[in-house]
Structure formats: structure tokens, C-alpha cells
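**Q** Here's a sequence, model it:
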Amino acid sequence: MRIVHVVNDAKFAGMAAKAFEATFPGCNTYVSFSKNKCRKDKIEIVRYSRVLVFFGFIIKNILKADVVVFHSMGEKHLLLLRWVPVDAKVIWIGWGYDYYDLIGRRLLKDETLKADNQFKMSSGFRSSVFGLILRFLKNKKLKWIRRVNIFSPVIREDFDLVKRFNPKFAAKYSSWNYGTLEDDHVRGFEGKDIKGNNILLGNSASDTNNHLDAFSLIKNLDLKDRKVITPLSYGDDNYRDLIITEGQKALGSVFEPLTEFMPIDDYISVLQSCSVVVMNHLRQQALGNIVIALYMGAKVFLDEHNPVYEFFTKQGAFIFKLDQLEQEYLSKLSGEQVAHNREVLKNYWSRDVILNKTKKLVERALSS
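**A** Okay, here's the model as predicted:
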């Protein structure tokens with residue numbers, strides 16, 4: 001059996017490779033369209049130049065594959081999807097950005113939406129030609145993704161949303177996630193607990209964090225010596241600058257933006273200082289941060305309309321709604337509650353669970 005993985009991020013490719021190599025050793029090839037050849041966890045990711053995309057990649061890989069795994073479905077991957085032979089099976093591991101355009105839900109809250117309309121953030125349309133290509137692909141996406149046999153978004157709730165808004169999308173569901181608790185998500189800080197009283201707000205410089213609406217909630221709290229730590233190290237630079245300006249206006253000196261990438265150990269120390277985590281998304285986002293925060297014992301507050309809130313509620317985790325923030329932010333989880341949340345995470349992200357999910361993912365694709 002030959003499994004071809006179409007990847008676009010070395011970090012996530014490395015986490016995927018550990019699971020697929022352990023489950024289907026010697027069956028996997030990893031290819032990308034990034035600028036440089038790279039290795040991650042001793043797995044070679046082969047680069048194909050733009051000139052050779054359709055000649056080299058398709059002839060050498062796609063036409064000979066039994067299973068093609070698309071790690072996200074961006075524009076380039078969407079084009080390649082059309083070339084997968086009819087007798088090969090297709091798995092789409094969704095990331096969020098690549099399927100939320102298929103879900104007819106509002107993702108911006110009132111204050112963020114108002115600012116978005118007034119303050120136009122940088123567009124991905126670098127030229128009118130590129131813009132036309134993207135619009136063409138978006139129009140064709142619903143038709144082309146019908147070729148997918150297995151769709152594995154981040155959480156089951158996202159699958160249900162995509163199916164609800166796109167009933168002709170016939171792909172089956174199989175649960176799968178990047179990384180394991182032992183090897184990735186909490187490696188190196190097992191057993192570490194929250195040590196501070198700061199508030200973590202959001203995960204990136206993207207408008208779906210709804211920072212402006214969150215400022216309105218947080219500024220009414222008695223913060224005292226608490227910092228409101230706001231990660232803004234990746235995303236839209238113009239939006240980042242807007243949030244820094246508005247955060248300082250709303251929260252003053254307690255507002256602490258993080259604008260530079262930092263080593264993982266330093267970032268974990270930052271998370272350890274936050275007993276409260278506020279994620280004001282209306283979509284699945286920041287799951288990695290939420291997992292780490294729950295593991296260390298933070299109180300996590302989510303919008304009840306966020307599919308992640310529904311997901312963790314179904315798993316039995318101790319998690320809170322945003323409208324409980326004012327009543328709950330001063331108290332901490334009990335030791336028993338923290339231990340319970342860790343068990344919930346182990347039941348979904350432990351090494352054994354992920355390896356079993358990997359085996360089922362491919363088996364379901366082959367039988368579909």
C-alpha cells in the first residue's frame with residue numbers, strides 16, 4: 001500500500017509522520033510545495049517546484065497512490081485533488097481555515113464586525129489575476145471536494161456543521177488529530193500547574209478572536225495586579241496594530257501583547273502564569289492552547305456557540321461559558337477538577353488513542 005501525504009507545514013507533518021509511520025511503516029511519502037526541502041523528526045518532506053507540480057508530482061506520486069491524505073485543503077491542494085485517480089481513496093484532514101468558508105455562520109461579533117467594516121485589513125488578493133483565481137477556486141470547491149472519501153476536521157462538531165450546510169458533501173467522518181499528549185502537547189512539562197493569576201486572551205492576530213468584544217467583558221473585572229496577556233505573534237499585522245492600540249485604550253497598563261515568537265518553554269511559562277483563559281471565538285480555533293491550559297489547571301471560558309465548547313462539554317470537561325466570567329474568574333479549579341480534565345484529554349489525545357485513530361482513518365478510507 002502506498003499512502004501519499006500532501007503537506008504544507010513541517011511541524012504538523014512531523015507529528016503526522018510519527019503516527020502514520022508507527023501504524024503503517026514504510027507506506028508513506030510526504031510531499032510539499034514549500035520553498036525548501038526540510039526534515040522533521042527524521043522524516044524527509046520532498047519539495048516540488050511550481051514548474052514540476054503537475055508533471056513530477058502527479059506522475060511520480062498521485063497516479064501511483066492507494067490513499068492520498070491532504071493535510072488541509074488550500075488552493076494548491078484543491079487543484080491537485082482533481083488529479084487523484086478514481087481508484088485511489090482521498091482523506092482530507094481539515095485545519096479550520098480550509099472549511100469554515102463552507103459553513104454559513106457569522107464568525108465576528110458586533111464590535112469586531114464594526115471595526116472590520118471601517119478598518120480594512122490587508123487582503124490576500126495581491127493582484128486582480130490572483131483574486132480571480134481564488135474566486136474561481138471557491139466557486140468550484142463544493143463540486144471538487146465531493147471526491148473526498150473521508151473528512152477529518154479538528155472536532156466532530158465541525159464535521160456536522162459542514163454536512164449541515166453542504167448536504168451533497170458525502171464524505172464519511174473519522175476522528176483524527178495531530179500530536180499526542182506524551183510526545184507533543186505536554187511533553188517536557190508533565191505535571192506542571194498554573195502558578196499565576198493572569199488572563200490569557202485569544203491566540204493570534206486574527207479577527208475571529210473577537211478581541212474588541214472581549215475587551216468590553218474584561219475591562220469591567222476587578223483586575224488588580226492581573227495582566228491580560230494577548231498573543232499576537234502571527235496573523236494580520238494591521239489587525240495586530242489595531243488590537244494593540246485598542247487594548248491599551250481599554251485596559252491600560254494591564255494589557256500585555258505578545259508580538260514576537262518565543263521558545264516553547266518560555267511560552268509555557270507564560271501560560272502557567274494565566275489562571276484564566278478567555279477565547280472569544282465563534283469557530284473552532286486555539287485548540288492547542290486550550291488543551292495545554294486545561295492540562296495545567298486553568299479555567300477556560302468559551303462562547304457557548306463555539307463548537308469547541310460543545311465538544312468539551314460532551315467530553316465531560318470542566319469548562320465555562322463567557323457569560324460566567326464575572327462570577328467565576330476569581331476562583332480556581334479544585335485538584336479533583338484538574339485531574340478530571342487531564343483524564344478527558346488523555347482519553348482523546350493519548351498516544352495509544354491517536355495511533356488507533358490513525359489505523360481506523362486509513363481502514364475506513366480503504367473500505368469507503
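**Q** Which strand or helix spans the closest residue to residue 307 other than its chain neighbours?
**A** Using C-beta to C-beta, 6 or more residues apart in numbering and skipping residues adjacent in sequence, the residue nearest residue 307 is residue 157, 3.7 Å away. C-beta coordinates here come from the backbone N, C-alpha and C atoms, glycine included. Using DSSP states H and E, residue 157 sits within helix 156-165.
**Q** Parallel or antiparallel, list what pairs with the helix or strand following that helix.
**A** Downstream of helix 156-165, the first helix or strand assigned by DSSP H and E is strand 172-173. Here strand 172-173 is paired, per DSSP bridges, with strand 150-152 (parallel).
**Q** Run through who's touching the strand it pairs with.
**A** The contact list for strand 150-152 (C-beta atoms under 8 Å, 6 or more residues apart in numbering) reads 89-94, 159, 162, 169, 171-176, 361, 364-365, 368.
**Q** coming back round to it: who's in contact with the residue nearest to residue 307?
**A** Here residue 157 is in contact with 284, 307, 308, 310, 311 (C-beta under 8 Å, 6+ apart).
**Q** Quickly check those for the two that are furthest apart.
**A** 284 and 310 (10.0 Å; C-beta to C-beta).
**Q** Comparing the two, which residue is more hemmed in?
**A** residue 284 (24 against 16; other C-beta atoms under 10 Å).
**Q** what about the more buried one, is that helix, strand or coil?
**A** coil (DSSP: H, G, I helix; E, B strand; the rest coil).
**Q** Surely it is in contact with residue 96?
**A** Yes - at 5.4 Å, residue 284 and residue 96 qualify as touching, with contact defined as C-beta atoms under 8 Å.
**Q** shared neighbours of these two, which are they?
**A** Contacts common to residue 284 and residue 96, judged by C-beta under 8 Å, 6+ apart, are 153, 154, 158.
**Q** measure the first one to residue 366 for me?
**A** Here residue 153 is placed at a distance of 20 Å from residue 366 (C-beta to C-beta, to the nearest Å).
**Q** who has more neighbours, these two?
**A** Applying other C-beta under 10 Å to residue 153 and residue 366 shows that residue 153 carries more neighbours, namely 25 against 13.
**Q** tell me the pLDDT at the closest residue in space to that one that isn't next to it in sequence?
**A** Closest residue in space to residue 153, ignoring its immediate chain neighbours: residue 94 at 3.7 Å, by C-beta to C-beta, 6+ apart. You'll see residue 94 listed with a pLDDT of 97.
**Q** burial count for residue 94?
**A** Residues near residue 94, counting by other C-beta under 10 Å: 24.
**Q** where in this protein is pLDDT low?
**A** 34-42, 46-59, 118-138 (pLDDT under 70).
**Q** What segments of it are helices?
**A** 10-23, 58-60, 75-81, 110-118, 128-144, 156-165, 211-218, 237-251, 264-272, 287-296, 307-315, 325-328, 335-349, 351-367 (DSSP state H).
**Q** Report the inter-axis angle for the fourth one versus helix 237-251.
**A** Counting by axes from the mean of the first three to the mean of the last three C-alpha atoms, to 10 degrees, helix 110-118 lies at 140 degrees to helix 237-251.
**Q** Which strands or helices does helix 110-118 pack on?
**A** helix 211-218 (3 or more C-beta pairs under 8 Å, 6 or more residues apart in numbering; DSSP states H and E).
**Q** report the angle between the axes of the helix holding residue 157 and helix 307-315?
**A** Using the same axes, to 10 degrees: helix 156-165 against helix 307-315 is 120 degrees.
**Q** Which parts of helix 156-165 count as buried, going by neighbours?
**A** 156, 157, 158, 159, 161, 162, 163 (16 or more other C-beta atoms under 10 Å).
**Q** what's in contact with stretch 324-332?
**A** 194, 199, 217-218, 220-221, 275-276, 278, 297, 299, 301, 320.
**Q** how about a cut-off of 6 Å?
**A** 275, 276, 301, 320 (C-beta atoms under 6 Å, 6 or more residues apart in numbering).
**Q** can you tell me how far the residue nearest to residue 307 sits from residue 292?
**A** 20 Å.
**Q** likewise residue 17?
**A** Taking C-beta to C-beta, one finds residue 17 at 22 Å from residue 292.
**Q** And for residue 97?
**A** 21 Å.
**Q** Which one's more surrounded, these two?
**A** Applying other C-beta under 10 Å to residue 97 and residue 292 shows that residue 292 carries more neighbours, namely 21 against 14.
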